[in-house]
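Colleague: fold the following and give me the result.
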Amino acid sequence: MKFMKLGSKPDSFQTDDNNIWYVASELATDIVINIGDAKFYLHKFPLLSKSGRLQKLVANTNGGIGDEIVIHDIPGGPAAFEICAKFCYGMTVTLNAYNVVTARCAADYLEMHETMEKGNLIYKIDVFLNSSIFRSWKDSIIVLQTTKSMMMLAEELKLVSHCIESIASKVSVDVSKVDWSYTYNRKKLPEENDNRMLTGGLRTITVPADWWVEDLAELELDLYKRVLVHIKNRGLVHDEVIGEALKAFASRRLPGFNKGVIPSGDLVKTRSIVDTIVWLLPSEKGAVSCGFLLKLLKMVILVDSGEMVKMDLVKKIGQQLEEASVHDLLIRAKEGGIDSTIYDVKTVQKIVEEFMVRDQDRNGEFEADGNEIQEVRRSTGGILSEASKLMVAKLVDSYLAEVAKDPNLPLSMFVDLAETVSVFSRPAHDGIYRAIDMYLKAHPGISKSERKRICRLMDCKKLSVEACMHAVQNERLPLRVVVQVLFFEQVRAAASSGSSTPDLPKAIKDLNSTSHGSSRSTNTNTEEDWDAVATTEELKALRGELASLRLERNGGGHAKSPLADRSSVHKLKGLVATKRILTKIWSSKGGGTGENSGSDSSGSLGSGNRDEHVKMVSTPSRKGRHSVS
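Modeller: Down below sits the predicted model:
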């Protein structure tokens, strides 16, 4: 820390228990100055020779010995006046970053200018500020902090602006010219404790670009905001570093930030900090992590910052949603809200919709440049990559599996969010199947039409072998879905062995031939088609076929088949046997031949979400359909 000593005489100021100050001198005092609750018994000559204000105050008194002056509004109070008085007496005074602002403001109040005497206090303090304080990183921050107690006068004297400019200029310097002596609040790196890293007193390790963020986080909110705005306006610091500075400030000023907790009694202060951080966020995508943005969003909802602040964050999160995790998206719903759900699903829906907006402009915009037409891509991100789409689809599926456990979650919220990403093509639908099963488990009382609606979200043809094994034993699924799953699995098994699919009824063939996401047929099924119950003998036969398939899979593998086969002949026999059962179920429920039944099933089941595997713990010998979700 920089300091400056003024004067050469010994300090002869003394005080008693009654806060009375006097100078140990043979000369009797001839003036009393009241500063707050302190009394200073001093001599006129040394004071009046350097202070224009004291001259004016004394001129308004009787001019006798023991004149008394009252000063109520001197900046810095008795401590600042003491510094000025000692300077007038020529006594030793030490100025540093902690007292220089109060001394400078008090000197200005007392009018200690050069017109009163050459080398007066104001001049000496200004020299100290410009030659030492503003050249020091640490001292500039300390001085800026001390201006808060007398902000108006410090602003008038340009002390605040000089400090901000000093800090911003040092932040903007090339890191190759920065050494660790600049910083004092950061966490030390392990290698810094190694004495071998010291060479001539300077650190040999590389200084990171964000070396300054912890120190700056010590500033109060208003000052921090002004400094960071000044740094951003200079344009010499990357947005990623600005993002790191905001993260450090949030951790320093919001103790419960990472846990989403508001300190008791600090709602207004917390809201102000959160709103400021959101306002300072860089516009560049990726400047801050998606996880940090989602933590900010949770705080915005907790402190009720307002819809504009919330939507600003929603748009930023939507631009980089593929980076988020399921834990980040689990935003607790506001207590006392309209919806009684555990999690704020509507906000997540808006985030996903913002993500989708990035892919709507596939053709870009066009501008005329002379005789040529130039294509101009929008700054919102352009066309989404297939990898980003797949990551978001998997993320939404996992999120749905978590929120589906909420017994108060309406089916419409679940379906709307799932359908938002249904346009993204993905190789497997295990993820959405798991989410559907979780919802059915937590909502056993939903109607047949609702059960049908939610099952349409998945494409049975895109379930893995493990998911198929689970689904055909899942008693929560409608029988029609279970039969479809078993059929597609048998078709897959036949295809893997090189056999052709037997001649099955058209209604069943339609399940396999109808394309994913196709329009619905004019022939629609009744609710009974979805909740039809087969006879005991039929279910027993179906389970027997399933057990046979699973035994084949466990007994050995075929390089091209998801299920191991003993022989093509055995597989064809099983397929034909199951065909008879499937034909009986459809013909009995469809009210006619296979030509008119099942036309509504496969296409409607085809918009799903996720390619993560469903864990299976069922065994071939266990009776009945069951779930292990």
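Colleague: when you work out contacts or count neighbours from here on, use the C-alpha atoms and nothing else.
Modeller: Fine.
Colleague: Ser176 contacts Trp211, correct?
Modeller: No. Using Cα atoms under 8 Å, Ser176 is not in contact with Trp211, being 11.6 Å away.
Colleague: so between these two, which is more surrounded?
Modeller: Comparing Ser176 with Trp211 by other Cα atoms under 10 Å, the one with more neighbours is Trp211, at 21 against 10.
Colleague: surely the more buried one is within a strand?
Modeller: No. Using DSSP: H, G, I helix; E, B strand; the rest coil, the secondary structure at Trp211 is coil, not a strand.
Colleague: from Gln55, how far off is it?
Modeller: 50 Å (Cα to Cα, to the nearest Å).
Colleague: measure the spatially closest residue to Ala245 that is not a sequence neighbour to Leu223 for me?
Modeller: With Cα to Cα, 6 or more residues apart in numbering as the criterion, Ala245 has its nearest non-adjacent residue at 4.7 Å, and that residue is Val213. Distance from Val213 to Leu223, counting by Cα to Cα: 14 Å.
Colleague: tell me which of the two has more neighbours.
Modeller: Using other Cα under 10 Å, the more surrounded residue of Val213 and Leu223 is Val213, with 22 against 18.
Colleague: low-confidence ranges, the stretch 351-500 of the chain, go.
Modeller: 359-383, 497-500 (pLDDT under 70).
Colleague: can you give me the strands for it?
Modeller: 365-369, 372-376 (DSSP state E, counting those that start in this stretch).
Colleague: and the stretch 1-150 of the chain, by the same measure?
Modeller: With DSSP E, counting those that start in this stretch as the criterion, the stretch 1-150 of the chain has strands spanning 3-6, 13-15, 20-23, 31-35, 38-42, 67-71, 93-96.
Colleague: can I get the ones you listed in CSV with mean pLDDT and distance to Thr146?
Modeller: CSV is the format used below for these (pLDDT from 0 to 100; distance: least, Cα to Cα, whole Å):
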stretch, mean pLDDT, distance to Thr146
strand 3-6, 94, 16
strand 13-15, 92, 25
strand 20-23, 92, 25
strand 31-35, 94, 21
strand 38-42, 94, 23
strand 67-71, 91, 22
strand 93-96, 96, 11
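Colleague: need the ones you listed in JSON lines (columns: mean neighbour count and distance to Leu411).
Modeller: Putting those into JSON lines (neighbours: other Cα atoms under 10 Å; distance: least, Cα to Cα, whole Å) gives the following:
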{"stretch": "strand 3-6", "mean neighbour count": "14", "distance to Leu411": "69"}
{"stretch": "strand 13-15", "mean neighbour count": "14", "distance to Leu411": "78"}
{"stretch": "strand 20-23", "mean neighbour count": "18", "distance to Leu411": "78"}
{"stretch": "strand 31-35", "mean neighbour count": "19", "distance to Leu411": "72"}
{"stretch": "strand 38-42", "mean neighbour count": "21", "distance to Leu411": "73"}
{"stretch": "strand 67-71", "mean neighbour count": "15", "distance to Leu411": "73"}
{"stretch": "strand 93-96", "mean neighbour count": "18", "distance to Leu411": "67"}
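Colleague: turn those strands into a markdown table, including distance to Leu330.
Modeller: Below are these laid out as a markdown table (distance: least, Cα to Cα, whole Å):
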| stretch | distance to Leu330 |
| --- | --- |
| strand 3-6 | 52 |
| strand 13-15 | 63 |
| strand 20-23 | 63 |
| strand 31-35 | 58 |
| strand 38-42 | 59 |
| strand 67-71 | 59 |
| strand 93-96 | 50 |
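Colleague: buried residues in stretch 323-339?
Modeller: Neighbour-count burial for stretch 323-339 flags 323-326, 328-331, 333-334, 339 (criterion: 16 or more other Cα atoms under 10 Å).
Colleague: what's the answer for stretch 213-221, then?
Modeller: Buried-residue list, stretch 213-221, by 16+ other Cα under 10 Å: 213-219, 221.
Colleague: how close does Val392 get to Ala333?
Modeller: Val392 sits 22 Å away from Ala333, going by Cα to Cα.
Colleague: how confident was the prediction at the residue nearest to Ala245?
Modeller: With respect to pLDDT, Val213 has a value of 94.
Colleague: that one touches Glu240, doesn't it?
Modeller: No. Checked against Cα under 8 Å, the pair Val213 and Glu240 is beyond contact range at 11.8 Å.
Colleague: so, low pLDDT: which residues of the chain?
Modeller: Ranges of the chain meeting pLDDT under 70: 63-65, 180-205, 264-265, 336-339, 359-383, 497-629.
Colleague: wait, Trp137 sits on Ile167?
Modeller: Yes. Trp137 lies in contact with Ile167 (Cα under 8 Å); the separation is 6.5 Å.
Colleague: higher neighbour count, those two?
Modeller: Remark: of Trp137 and Ile167, Ile167 carries more neighbours, 26 against 23, as counted by other Cα under 10 Å.
Colleague: wait, that one sits on Lys138?
Modeller: No. Between Ile167 and Lys138 there is no contact under Cα under 8 Å: 9.1 Å.
Colleague: any idea how far Val171 is from the nearest residue to Ile125 once chain neighbours are set aside?
Modeller: The shortest distance from Ile125 to any non-neighbouring residue, by Cα to Cα, 6+ apart, is to Arg104 (6.4 Å). According to Cα to Cα, Arg104 and Val171 sit 26 Å apart.
Colleague: who has more neighbours out of the two?
Modeller: Arg104 (28 against 22).
Colleague: and the more buried one, what is it in contact with?
Modeller: By Cα atoms under 8 Å, 6 or more residues apart in numbering, the residues touching Arg104 are 121-122, 125.
Colleague: one more pass at 10 Å, please.
Modeller: Shown in contact with Arg104 (Cα atoms under 10 Å, 6 or more residues apart in numbering): 75-76, 80, 83-84, 110, 112, 121-126, 129, 153-154, 157, 159.
Colleague: any of those buried? List them.
Modeller: The neighbour count (16+ other Cα under 10 Å) marks 75-76, 80, 83-84, 110, 112, 121-122, 125, 129, 153-154, 159 as buried among the contacts of Arg104.
Colleague: out of those, who's nearest Thr147?
Modeller: Thr147 has its nearest neighbour among the buried ones among the contacts of Arg104 in Ala154, at 6.0 Å by Cα to Cα.
Colleague: follow-up on the earlier one: with the buried residues of stretch 213-221 in mind, which one is nearest to Ala428?
Modeller: Val213 (44.6 Å).
Colleague: can you pull out the helices in the stretch 151-300 of the chain?
Modeller: Taking DSSP state H, counting those that start in this stretch to define them, one finds helices in the stretch 151-300 of the chain at 151-156, 159-171, 213-216, 221-234, 239-253, 267-280, 290-303.
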